[in-house]
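> here are the coordinates; sequence isn't available:
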């Protein structure tokens, strides 16, 4: 269960809704799982972290 | 969340030492300006968050919690400046103490030090908005839509929502930008392939047709399919295919022609006109100083927001309030966003030039290669130099900044460097002198070069496809996020709008029972319009009074907090909030807080004793749930209207033979007490339009009211046949009359000789009995057991039903049988 204190209540609600809509839109489970871990579990919102979640095979320095 | 049971403050701000027992209930701190009320608010905020809003952030001019949190006399002993809160945590059913001193502000002593307790305190730290001052209150109401959105966003922590939106948008935009050069690469590869195969446009039929014609010359079977692995040279013997001349004449002629076409396009009138327009756009953009350093600052600002630790700027170390820091940086980013839009438009204008330069580079490299392969070798230094320049121009146009260098590069692109034309002429001659290949050799060269360029085209296509897929994914994710956040936020705003309207109607049901409001989010702004007596929707500041705006601010705050914390909204500090609410609506505000937020502990500060009285009379706070400061000194801090303290202070004055000081204090204290007693006992006092009631008007009224109540109580007891009670009240009445007579208070109107105005002229021996008489008299107005003042019930109306104290030890029925 993600640590709710990472974000305020409203952002947490928005992030969960976002992941739910991605699933409903048919995006791959892997992508949604990576985003869930990055955003909700790790609380990582930097461009680098989100890029890594979107494009895991990228060779980043 | 929590409820505060007790507060201990030592050597903090203007406070030397004070302990307040709140018992988890609503509580009020009252006192004139400058008596230390805000010190209590600061202490609560410091204990819970390690910060004091008023001492941090923009506009505090070098003032800081660390340096200016301790009492001025303890500024070198920050360890002595401490606040201890005892709180109960309803969800954990635990009592917790949290103690923090200025020296080790970030290392509070928490007991019990358990993870679940820390989690609750961390949550509070994330919600410093539990303290609401009037300054903050009015920002919700009277701000511009943009500023209001920021205030509400800060309260709801929407900066985190925005942060992810910005990142996803940035990634989507960046991925889409990478597609453009990939498209250019593929278009260029297609053009090269078409030129090599001497076809107008790359297509399956055209490629197969051109290739099969050459294959027929070589006696090779035709290719029927063109798949991703098809080789145009399929069937050519390795030995034969290796014998490709260094300069295949046919392709070389075509490439020379291609280069000349390209040069004439780049240096032609059409390109020059287009470049002139782009240079004008660049000049206009460059006039904004922010544009020049835009990219660098954009990155810096975004990094600053990311690295901000909640207290100090990560770059210069200046202390900021978190929301103010983010607001200032966000404002700068908003301006950069506008610049970015204009920049994108100019970049679009530059695109054809960048494409041409890329093709020129490629073409120059190929033709230069022919010169080096020819025998004798043709010196192509001028072409290599031109290629280097084209590469440099292209790089600058892609980099965009600095703008003046981009303008210079653009200006230079239309000029053909000296020597290029001469080299091209030499190459034409040398290539023309090459022996004409046999039909078979030409066919073999054709297929070999064609295959090379087909492979390049395939590579470019694969990269483009991958880039387009990435861009599409990034855009889909961004669009999904935008839709998800919009639906959540619109839902929140609708709910808050409804709750706000209901709360406001509760307060103003007498004349605005049909009130409603509209919260309209749009493009980072939050519009807020309210109904004005059915005449339409207007901004709150348009027609509503200041008092109404204050109550709107409170209602919006309460609606937001209710949404934000739900059942967790158990605690809030309202610092001098609602100071301008008119008296007609104060009772409704009290009722609103009491009835709609029964599980929330409010701590109020007010400089208005009448407000305090309203809170008590409406039952918002208990009879003893308040502290009333009367003065503040730097040595002592705030001093309360506490009976024991006052009488002790008068005794001290008399010991020093300072009758003047003792007389002044006695008079002020009696004025304060008499006003309270008149209120509690429903005394009749001559009305004054300026509300300036003197002791001469108040105390006789209070004495008369007490006498009336005792008399009514005695008569009621007689009617009910309660003889013992009759005796008891009779005793009380006699004692009261004797004490009242001693003070001469009732004679003030008719005997100026005993008037309080002459107290200061008495000597100590004459004044001591006066003090003693009033001290004894005042004691009768209070319960002997609980010490609370006696009061008449009900508070208003045509009848009086009982004379009571808080603990009901005194409870005299005033209604006859």
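Looks like it arrived, so ask away. Computed from a predicted model, the values in this text were never measured in an experiment.
> Might you enumerate the residues of chain A proximal to chain B?
In this structure, chain A approaches chain B at residues A:5, A:7-11, A:13-15, A:17-18, A:20-22, A:25, A:27, A:31, A:35, A:39, A:45-47, A:50-51, A:54-55, judged by C-beta under 8 Å from any C-beta of the partner chain. The C-beta positions use only the backbone N, C-alpha and C, and glycine is treated the same way.
> one more time with 6 Å, if that's ok
Contact residues of chain A with respect to chain B, defined by C-beta under 6 Å from any C-beta of the partner chain, are listed as A:5, A:7-11, A:13-14, A:17-18, A:21-22, A:45, A:47, A:50-51.
> where's the dip in pLDDT among the residues you listed?
When the residues of chain A next to chain B are compared by pLDDT, residue A:5 scores lowest at 46.
> Next, the contact list for residue B:481, please.
When contacts are counted by C-beta atoms under 6 Å, 6 or more residues apart in numbering or on different chains, residue B:481 touches A:18, B:168.
> quick one: what helix or strand has it in it?
If you go by DSSP states H and E, residue B:481 is part of helix B:439-507.
> Give me the contacts around stretch B:101-121.
Taking C-beta under 6 Å, 6+ apart as the criterion, the residues outside stretch B:101-121 that touch it are B:50, B:69-70, B:78-79, B:81-82, B:89, B:92, B:96-100.
> circling back to that earlier point, beyond the helix holding residue B:481, next helix or strand please.
Moving toward the C-terminus from helix B:439-507, the first helix or strand encountered (DSSP H and E) is strand B:517-522.
> do that following strand and chain A meet?
No - for strand B:517-522 and chain A, the contact criterion (C-beta under 6 Å from any C-beta) is not met; the two come no nearer than 12.8 Å.
> Direction included, what does the helix or strand that comes right after that strand pair against?
If you walk from strand B:517-522 toward the C-terminus, the next helix or strand you reach (DSSP H and E) is strand B:525-531. Taking DSSP bridges as the criterion, strand B:525-531 sits next to strand B:517-522 (antiparallel), strand B:537-538 (antiparallel) in its sheet.
> Mind listing residues that contact stretch B:511-520?
Around stretch B:511-520, the neighbours that count as contacts under C-beta under 6 Å, 6+ apart are B:493, B:497, B:500, B:501, B:504, B:505, B:527, B:528, B:529, B:530, B:531, B:537.
> most neighbours, which of the residues you listed?
The most crowded member of the contacts of stretch B:511-520, judged by other C-beta atoms under 10 Å in any protein chain shown, is residue B:500 (27 neighbours).
> check contacts around residue 21.
Picked chain A for this. For residue A:21, the contact set (C-beta under 6 Å, 6+ apart) comprises B:480, B:484.
> The chain in question should be chain B.
Taking C-beta under 6 Å, 6+ apart as the test, what residue B:21 contacts is residue B:6.
> Now do the closest residue to residue B:81 other than its chain neighbours against chain A, distance only.
With C-beta to C-beta, 6 or more residues apart in numbering or on different chains as the criterion, residue B:81 has its nearest non-adjacent residue at 3.6 Å, and that residue is residue B:70. Residue B:70 sits 31 Å away from chain A when distances are taken as C-beta to the nearest C-beta, to the nearest Å.
> Let's test this: what are the backbone torsions at residue B:70?
Note on residue B:70: its backbone torsions stand at phi -70, psi 160 [degrees, to the nearest 10].
> Bridged to it, which residues?
The bridge-partner assignment for residue B:70, based on DSSP bridges, gives residue B:12.
> what about it, how many residues close to it?
There are 24 residues near residue B:70, going by other C-beta under 10 Å.
> so how many other residues sit close to residue A:56?
The criterion is other C-beta under 10 Å. On that basis, residue A:56 has 10 neighbouring residues.
> can you pull the contacts of it?
When contacts are counted by C-beta under 6 Å, 6+ apart, residue A:56 touches no other residue.
> if we go to 8 Å?
Counting by C-beta atoms under 8 Å, 6 or more residues apart in numbering or on different chains, residue A:56 touches residue A:34.
> from the contacts of stretch B:511-520, which single one is nearest chain A?
Within the set of these, residue B:493 lies nearest chain A; the separation is 10.9 Å, counting by C-beta to the nearest C-beta.
> need the contact list for the closest one.
Neighbouring residues of residue B:493 by C-beta under 8 Å, 6+ apart: B:519, B:520, B:521, B:526.
> Please tell me how far the second one sits from residue B:564.
With distances taken as C-beta to C-beta, to the nearest Å, residue B:520 is found 20 Å from residue B:564.
> Which one of these two is surrounded by more residues?
The neighbour comparison of residue B:520 against residue B:564 (other C-beta under 10 Å) goes to residue B:564, with 19 against 14.
> and the closest residue to chain A within the stretch 601-750 of chain B, backbone torsions?
The stretch 601-750 of chain B approaches chain A most closely through residue B:601 (20.1 Å), counting by C-beta to the nearest C-beta. Reported as degrees, to the nearest 10, the phi and psi values for residue B:601 are phi -90, psi 120.
> so how many other residues sit close to it?
That count, for residue B:601 with other C-beta under 10 Å as the rule, works out to 23.
> Leaving out sequence neighbours, find the closest residue to it.
residue B:3 (4.6 Å).
> sorry, back to before: just the buried members of the contacts of residue B:493?
Among the contacts of residue B:493, those classed as buried by 16 or more other C-beta atoms under 10 Å in any protein chain shown are B:519, B:521, B:526.
> What is the nearest of the residues you listed to chain A?
Top of the list for closeness to chain A, among these and by C-beta to the nearest C-beta, is residue B:521 at 12.8 Å.
> could you point out which element follows the worst-scoring helix or strand of chain A on mean pLDDT?
Per-element confidence for chain A was summarised using mean pLDDT, DSSP states H and E. The lowest value among helices and strands belongs to helix A:9-24, with a mean of 91. Using DSSP H and E, the next helix or strand after helix A:9-24 towards the C-terminus is helix A:29-36.
> That next one: how far from the chain's middle?
Helix A:29-36 has its C-alpha centroid displaced from the chain centroid by 7 Å (C-alpha atoms, centre = their mean, to the nearest Å).
> what does stretch B:8-24 give?
Worked out by C-alpha atoms, centre = their mean, stretch B:8-24 lies 30 Å from the chain centre.
> Could you pull up the mean pLDDT of that stretch?
Within the predicted structure, the mean pLDDT of stretch B:8-24 is 92.
> got it, and stretch B:441-455?
Averaging the model's pLDDT scores along stretch B:441-455 yields 91.
> same check, this time on stretch B:289-297
Averaging the model's pLDDT scores along stretch B:289-297 yields 63.
> What count of nearby residues applies to residue B:378?
20.
> dump the residue contacts of residue 23.
Picked chain A for this. Residues touching residue A:23, when contacts are defined by C-beta under 8 Å, 6+ apart, comprise A:29, A:32.
> hm, I was asking about chain B
Taking C-beta under 8 Å, 6+ apart, one finds B:5, B:6, B:625 in contact with residue B:23.
> now do residue B:676
Residue B:676 makes contact with B:613, B:789 under the criterion C-beta under 8 Å, 6+ apart.
> do the same with residue B:590
The contact partners of residue B:590, by C-beta under 8 Å, 6+ apart, come to B:614, B:615, B:618, B:619, B:620.
> ok, and the most crowded of those residues?
When neighbours are taken as other C-beta under 10 Å, the top entry among those is residue B:615 (27 neighbours).
> and the gap between the residue nearest in space to the middle of chain A and residue A:44?
For chain A, the residue whose C-alpha lies nearest the mean C-alpha position (C-alpha atoms, centre = their mean) is residue A:35; its distance is 2.5 Å. When C-beta to C-beta is applied, the distance between residue A:35 and residue A:44 equals 10 Å.
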